[in-house]
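> Sequence and predicted structure, then a few things I'm wondering about:
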Amino acid sequence: MKLPHGDEAVVPLEKITEYLLSDSHPDGKIKAAFFKRFGFHRDEPQILEHALLHLARTVEMTEVIFRYGRKYAGIGWLNCPDGRRVPVVTVWVLRDNQPPPFLVTAYPA
């Protein structure tokens, strides 16, 4: 299934700058090393945001119901600034089952 309301998906700026591309975040620094290896940089968060939003609209997802709503995870090919494409898992949540879906995390597949 596609991510419900994928065309309305939101990637909070802080999710990118303070987590996915943060060298100091306890969990994010490993992800930051991965994304930076393919040309993503903290000072240009909109590039990773755009690539993640493309996955929200195009990737097949698996749904899991949990106490805060519905969570969706899928694997897709992330278009990178250095021209490469890498497989990435993205996880999205519909809070209280209401749109828009928000990015929870992204990591290497």
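Cool, got the structure. Remember, predicted model here, so these are calculated numbers, not experimental data.

> Isn't P100 up against E8?
Yes. Counting by Cβ atoms under 8 Å, P100 touches E8, with 3.9 Å between them. For the C-beta atoms, the positions are set from N, CA and C on the backbone; glycine is no exception.

> Can you show me the helices along the protein?
13-15, 28-37, 45-58 (DSSP state H).

> Check what contacts the longest one and list those residues.
Applying Cβ atoms under 8 Å, 6 or more residues apart in numbering, the contact partners of helix 45-58 are 2-3, 6-7, 9, 11, 13, 16-17, 20-21, 35, 40-41, 74, 76, 78-81, 88, 90, 92, 101, 103, 106.

> Could you identify the buried members of these?
By neighbour count, with 16 or more other Cβ atoms under 10 Å, the contacts of helix 45-58 hold 3, 6, 9, 11, 16-17, 20-21, 35, 40, 74, 76, 78, 80, 88, 90, 92, 101, 103, 106 as buried.

> Of those residues, which belong to strands?
G74, G76, L78, V88, T90, W92, L103, A106 (DSSP state E).

> Quick check: of these, which lies closest to Y68?
W92 (12.4 Å; Cβ to Cβ).

> Please name the residues that touch that closest one.
Taking Cβ under 8 Å, 6+ apart as the test, what W92 contacts is L3, A9, A56, M61, K71, Y72, A73, P101, F102, L103, V104.

> Which positions in the least confident helix or strand in the chain by mean pLDDT come out as buried?
In the chain, the helix or strand scored least confidently by mean pLDDT, DSSP states H and E is strand 62-66, which has a mean of 92. By 16+ other Cβ under 10 Å, strand 62-66 has no buried positions at all.

> now do stretch 34-45
F34, F35, F38, F40, R42, P45.

> got TSV for these, with pLDDT and distance to D96 too?
TSV is the format used below for these (pLDDT from 0 to 100; distance: Cβ to Cβ, whole Å):
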residue	pLDDT	distance to D96
F34	98	31
F35	98	30
F38	98	34
F40	98	31
R42	96	31
P45	98	27
